[in-house]
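Student: Provided below are the primary sequence and the corresponding predicted coordinates.
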Amino acid sequence: MTRSSLRLVVLGDSIAYGTGAARAEDTLGRRLHGALTADGFSVELHVLAVPGAVSADLTAQVERARPLDADVAVVVIGANDLARFVPPEQAAAALRVAVGALRERGTDVVVVPAPDMSSVPFVPPAFRPLVQAACAQLQARQAAAVAAEGGSVAGVAAEVASAFAADAAMFSADRFHPSSAGYARIAAALAPAVLAAARARREEAA
């Protein structure tokens with residue numbers, strides 16, 4: 001079988017970077033690399049994500065990605081915007097700029113929206129509805145921003161939130177970042193969207 005070449009970049013925050021994973025192989029980027037490889041792609045992976053990043057920090061990451069001419073970019077962002085109370089319209093506007101810059105260079109963009117942080121163990125039960133509402137508001141603004149620039153949003157937020165809420169083992173020892181098991185769950189939910197983008201490019205090139 002002839003393998004298709006694919007340049008994949010992963011941008012965003014600590015989840016995109018892999019903080020909390022026990023091994024490099026367990027990180028989101030490496031798991032997506034494995035899924036694409038199994039589908040017949042020869043993958044060149046570049047993880048440019050920075051732990052602690054908010055949406056405004058994507059501009060610098062996109063600039064670093066520019067020389068790579070990526071085929072597909074996976075962007076994971078929003079948790080730190082929520083944690084730092086960045087206004088959702090401001091966070092979404094920064095995301096839109098980043099997605100637009102990537103699309104201008106012909107990169108297909110798959111965005112993983114802000115997680116539902118109400119499932120984080122140290123959030124008091126009484127505050128969880130408020131946290132969940134804030135997350136939903138940001139997710140909606142992110143979806144509109146991404147669509148406006150021709151990117152796609154991976155509809156994984158609800159599925160991942162349910163898995164994390166049901167099993168504390170999804171969290172690493174810091175009770176905030178995903179564990180290796182958590183990254184496996186996120187990657188499994190995200191892989192279909194990334195594979196769809198990669199396969200579409202392969203079909204266009206055929």
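Tutor: Good, I have the coordinates. All values reported here derive from a predicted model rather than from experimental measurement. Numbers count the residues shown, from 1 in each chain.
Student: what about the strands in the chain?
Tutor: Along the chain, counting by DSSP state E, strands occupy 4-12, 41-47, 72-76, 108-112, 152-153.
Student: pipe these into CSV and attach distance to residue 83 and mean pLDDT per row.
Tutor: Where C-beta positions appear, they are placed from N, C-alpha and C, glycine not excepted. What follows is those, written out as CSV (distance: least, C-beta to C-beta, whole Å; pLDDT from 0 to 100):
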stretch, distance to residue 83, mean pLDDT
strand 4-12, 14, 95
strand 41-47, 21, 97
strand 72-76, 14, 98
strand 108-112, 16, 98
strand 152-153, 21, 96
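Student: looking at those strands, which is buried most?
Tutor: Using mean count of other C-beta atoms under 10 Å, the stretch among the strands of the chain with the greatest mean number of neighbours is strand 72-76 (a mean of 27).
Student: show me what that one is packed up against.
Tutor: strand 4-12, helix 14-17, helix 28-38, helix 88-104, strand 108-112, helix 180-205 (3 or more C-beta pairs under 8 Å, 6 or more residues apart in numbering; DSSP states H and E).
Student: need the contact partners of it.
Tutor: Strand 72-76 has contacts (C-beta atoms under 8 Å, 6 or more residues apart in numbering) with 6-13, 15-16, 28-29, 32, 49, 58, 65, 95, 98-99, 102, 107-112, 190, 194, 197-198, 201.
Student: what's stretch 178-195 in contact with?
Tutor: Stretch 178-195 is contacted by residues 8, 15, 18, 20-23, 26-28, 31-32, 35-36, 39, 72, 74, 110, 112, 152, 154-156, 159-160, 163-164, 167, 169-173 when judged by C-beta under 8 Å, 6+ apart.
Student: before I go, just wanted to say thanks for your time.
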